[in-house]
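Need coordinates for the following:
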Amino acid sequence: MIEITSDKNPIIKEIKALSRKKNRWREKLFIIEGIKVIEEAIKASMGIKYIFFSEILLEADGGEVFFNKIKDRKETVKLSTKIFNQITNLDSPQGVLAIVEFKEREITDLYKKELPFIIFLDGLNDPGNLGTIIRTADAFRVDAIVLGEDCVDPYNSKVVRSTMGSIFRVSLYNVKDNEDFFDNMKKRDIDIITTSLSGKPLERKDFSGGFVLVIGNEANGVRKNIIERSTKEIKIPMPGGAESLNAGVAASIIMYEAMMNRN
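Numbering: from 1, shown residues only. Okay, here's the model as predicted:
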């Protein structure tokens, strides 16, 4: 185990650089924090480049037990509390964070899947919404989440934290050309489903075939050029007083209904 006591160490500079999206995607690395999330990463056999801890860990609930699990790993690095506090994103850290590898998946691999259950995110901006959708997709056996143009980065620290480890189990894809993606799906007779006030009530939709469910931007909804490519439109009946639902909540309701319909 090595110990770092200077914030001029190049490894510390590397961690700080990962706060920026362009650096995360160049290095294919992102930061995770906390005992539970790191345990989930280890359980999922994620590639872990470093595990950093400070004396704070030994004071955290379950920290000593967790320390005994990581102390002999070659990637474990001890930091002074002062340096750890410079790199944590949390107000009340548990004294442990890790640098984890991710792979950029080829969207063409998704085209080969029969009867897929896919969520497409059209310009989703809120990290909390994305984290909720990833976590729900993990719970309800979604095959993949596709992030379209202008989506929030899934490896943003707020997104990662809100997934509670589900980000390690859900297949994420990025596309740079939304129209090309939908054209390829339609060639394969995959339904493109968007939400609309004029759509059929959710409980009347048959989800047994392959489909892409499109969740739109929080403020503007689904883009017009995607709606024009949709093959089905649905709506969530809301007999109460609310006029609309949070994007993460709406997506979760539809994912649950689709899962039950496909069983």
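
ok, now which ones touch Val222?
Asp122, Thr194, Thr195, Val214, Ile215, Gly216 (CB atoms under 8 Å, 6 or more residues apart in numbering). Using the backbone N, CA and C atoms, a C-beta is placed for each residue, glycine as well.

of the residues you listed, closest to Asp138?
Relative to Asp138, the closest of those is Ile215; by CB to CB it sits at 15.8 Å.

What about the residue nearest to the closest one when sequence neighbours are not counted, how many residues nearby?
Spatial nearest neighbour of Ile215, chain neighbours left out: Ala251 (4.8 Å); criterion: CB to CB, 6 or more residues apart in numbering. By other CB atoms under 10 Å, the residues close to Ala251 number 26.

And Ala251, how close does it get to Lys74?
As judged by CB to CB, to the nearest Å, Ala251 and Lys74 stand 40 Å apart.

Asn68 should be in a helix, yeah?
Yes - counting by DSSP: H, G, I helix; E, B strand; the rest coil, Asn68 is part of a helix.

The residue nearest to Ile215 should be in a helix, yeah?
Yes - under three-state DSSP, Ala251 sits within a helix.

Now do the contacts for it.
Ile119, Asn129, Thr132, Ile133, Thr136, Leu213, Ile215.

Likewise for Ala17?
Per CB under 8 Å, 6+ apart, neighbours of Ala17: Asn23, Glu27.

Check it and give its pLDDT.
pLDDT, Ala17: 97.

ok, now Lys74?
95.

What strand or helix carries it?
Per DSSP states H and E, Lys74 falls between elements, in no helix or strand.

where does it sit relative to Phe211, distance-wise?
Using CB to CB, Lys74 is found at 44 Å from Phe211.

and what of Glu228?
For Glu228, the distance to Phe211 - CB to CB - is 17 Å.

Asn225 belongs to a helix, doesn't it?
Yes - judged by three-state DSSP, Asn225 forms part of a helix.

the bottom helix or strand of this protein by mean pLDDT?
The weakest-scoring helix or strand in the chain, judged by mean pLDDT, DSSP states H and E, is strand 191-201 (a mean of 87).

Partner strands of it, with direction?
Here strand 191-201 is paired, per DSSP bridges, with strand 211-215 (parallel), strand 232-235 (parallel).

Could I get the contacts of Val222 in a markdown table, plus columns for neighbour count?
Formatted as a markdown table, the contacts of Val222 follow (neighbours: other CB atoms under 10 Å):
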| residue | neighbour count |
| --- | --- |
| Asp122 | 24 |
| Thr194 | 24 |
| Thr195 | 22 |
| Val214 | 26 |
| Ile215 | 26 |
| Gly216 | 21 |
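
tell me which of the residues you listed is nearest to Thr81?
Ile215 (41.3 Å).

what's the burial count for the spatially closest residue to Ile253 that is not a sequence neighbour?
Spatial nearest neighbour of Ile253, chain neighbours left out: Ile236 (5.8 Å); criterion: CB to CB, 6+ apart. By the criterion of other CB under 10 Å, Ile236 has 16 neighbours.
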